[in-house]
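**Student:** From the sequence below, what's the structure:
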Amino acid sequence: MKKMMIAVAASIFLAACQSNEVVEVEAMESQASESSFSETIDENDEISIEVPYEYKINPVIFTVEPISDADTEVVLLTFDDAPQPPDSKTLDIAHTVRDKGANAIFFVMGQFLESEEAKDIVKEIHEMGFEIGNHSYSHPDMSSLSYDDQFEEIQATNDIVEEITGERPRFFRAPYGAYNSDTEDIADSENMTLMNWTYGYDWVDGYMDESSLADIMVHAPELGSGGNLLMHDRPWTSAAIGDIIDGLRAQGYEMVDPKLIESPEEE
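**Tutor:** Sure, this is the predicted structure:
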């Protein structure tokens, strides 16, 4: 189970009340005791609601797998190296994905988050409901680094993301997909799920244009149930993403909400 923090404005409750006084919410009587308790809900309070995870990441092939009876015909949209000012397309991608009723993970690099512009972009897409993942600080080959250097790469970016969004990333994607047991240990110590991807093409010659990219992402031989789709902050990706989502749905796949994917923080 994980806890989703849902901000509740007091005005919602005050509308049903006779006065502007603070609202008292009484709990149901427990079987162990006939006493009840109440919470005071103020304007800035948050209510913690437990929501069960429906999916997990396969630790070997990194596909999205149902935990129980969740829909199997899903794919996960992910975008790496986002945002990359000054010509970032991250916001355009995020708005298209949201307008299509889908969701995604944006994997960020710490070194790109030093500017206020980049911080504002990350804050906005987080507030739009997107998951922010960790893609290291400087995009090194993690498997070539010492434990301490890997730890710094991961923790530094986690710290920056938390400063911007108030939440530490739940997912880590190693640059180039290269990692070792130290990476796994550090991700575990940071309560993160490690993931690579199933396929991606937007950096491959021949697919760095809107139509070619949309076609291959929808008809790739690697596409299947639980596919973990890798894309980047690129102009052609931004232009193609609407058609990619439409095409995936035409193939019978829905975009999984990353908030439903298991991570260690509440296990």
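
**Student:** can you tell me which residues contact Thr198?
**Tutor:** Ile61, Phe62, Thr63, Glu222, Leu223, Gly224, Gly226, Gly227, Asn228, Leu229, Leu230 (CB atoms under 8 Å, 6 or more residues apart in numbering). C-betas here are computed from N, CA, C, even on glycine.

**Student:** what about 10 Å?
**Tutor:** Contacts for Thr198 (CB atoms under 10 Å, 6 or more residues apart in numbering) come out as 58, 61-64, 75-76, 78, 220, 222-224, 226-230.

**Student:** Let's see which of the residues you listed end up in helices.
**Tutor:** Secondary structure defined by DSSP state H assigns none of these to helices.

**Student:** ok, which stretches of the stretch 151-267 of the chain are helices?
**Tutor:** In the stretch 151-267 of the chain, helices defined by DSSP state H, counting those that start in this stretch lie at 181-189, 210-219, 235-250, listed in chain order.

**Student:** As TSV, these with mean pLDDT would be great.
**Tutor:** Output for these, formatted as TSV (pLDDT from 0 to 100):
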stretch	mean pLDDT
helix 181-189	97
helix 210-219	98
helix 235-250	98
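
**Student:** buried subset of the contacts of Thr198?
**Tutor:** Phe62, Thr63, Val64, Val75, Leu76, Thr78, Leu223, Gly226, Gly227, Asn228, Leu229, Leu230 (16 or more other CB atoms under 10 Å).

**Student:** Mind checking which of those residues land in strands?
**Tutor:** If you go by DSSP state E, the buried ones among the contacts of Thr198 have Val64, Val75, Leu76, Thr78, Gly227, Asn228, Leu229, Leu230 in strands.

**Student:** Got phi/psi on the closest residue to the fourth one other than its chain neighbours?
**Tutor:** When the adjacent residues along the chain are set aside, Thr78 lies closest to Ile105, with 4.7 Å between them (CB to CB, 6 or more residues apart in numbering). Geometry field for Ile105 lists phi and psi as phi -110, psi 130, criterion degrees, to the nearest 10.

**Student:** Relative to Met231, how far out is Ile105?
**Tutor:** Ile105 sits 11 Å away from Met231, taking CB to CB, to the nearest Å as the criterion.

**Student:** what residues are shared contacts of these two?
**Tutor:** Joint contacts of Ile105 and Met231 (CB under 10 Å, 6+ apart) are Leu77, Thr78, Phe79, Asp80, Ala82.

**Student:** returning to that earlier point: bridged to the residue nearest to Thr78, which residues?
**Tutor:** Ile105 has these beta-bridge partners by DSSP bridges: Thr78, Glu131.

**Student:** wait, doesn't it sit right on Gly129?
**Tutor:** No - here Ile105 does not reach Gly129: they are 11.6 Å apart, not a contact under CB atoms under 10 Å.

**Student:** Among those two, which residue is more densely surrounded?
**Tutor:** Shown here are Ile105 and Gly129; by other CB atoms under 10 Å, Ile105 has more neighbours (25 against 14).

**Student:** ok, the more buried one - contacts?
**Tutor:** So Ile105 contacts 76-80, 82, 130-133, 135, 169-171, 173, 195, 228, 258-259, 261 (CB under 10 Å, 6+ apart).

**Student:** Same check on Phe107?
**Tutor:** Here Phe107 is in contact with 78-82, 131-136, 157, 169, 171-173, 175, 195, 197, 230, 232-233 (criterion: CB under 10 Å, 6+ apart).

**Student:** at 7 Å what do you get?
**Tutor:** Phe107 makes contact with Thr78, Phe79, Asp80, Ala82, Gly133, Asn134, His135, Arg173, according to CB atoms under 7 Å, 6 or more residues apart in numbering.

**Student:** ok but it is inside a strand, no?
**Tutor:** Yes - Phe107 forms part of a strand when assessed by DSSP: H, G, I helix; E, B strand; the rest coil.

**Student:** returning to that earlier point: Asn134 versus the residue nearest to Thr78, what's the distance?
**Tutor:** When Ile105 is compared with Asn134 (using CB to CB), they lie 10 Å apart.

**Student:** any residues in contact with both of those two?
**Tutor:** Phe171.

**Student:** Just the helices from the stretch 1-150 of the chain, written as ranges.
**Tutor:** 10-14, 90-99, 116-127, 147-165.
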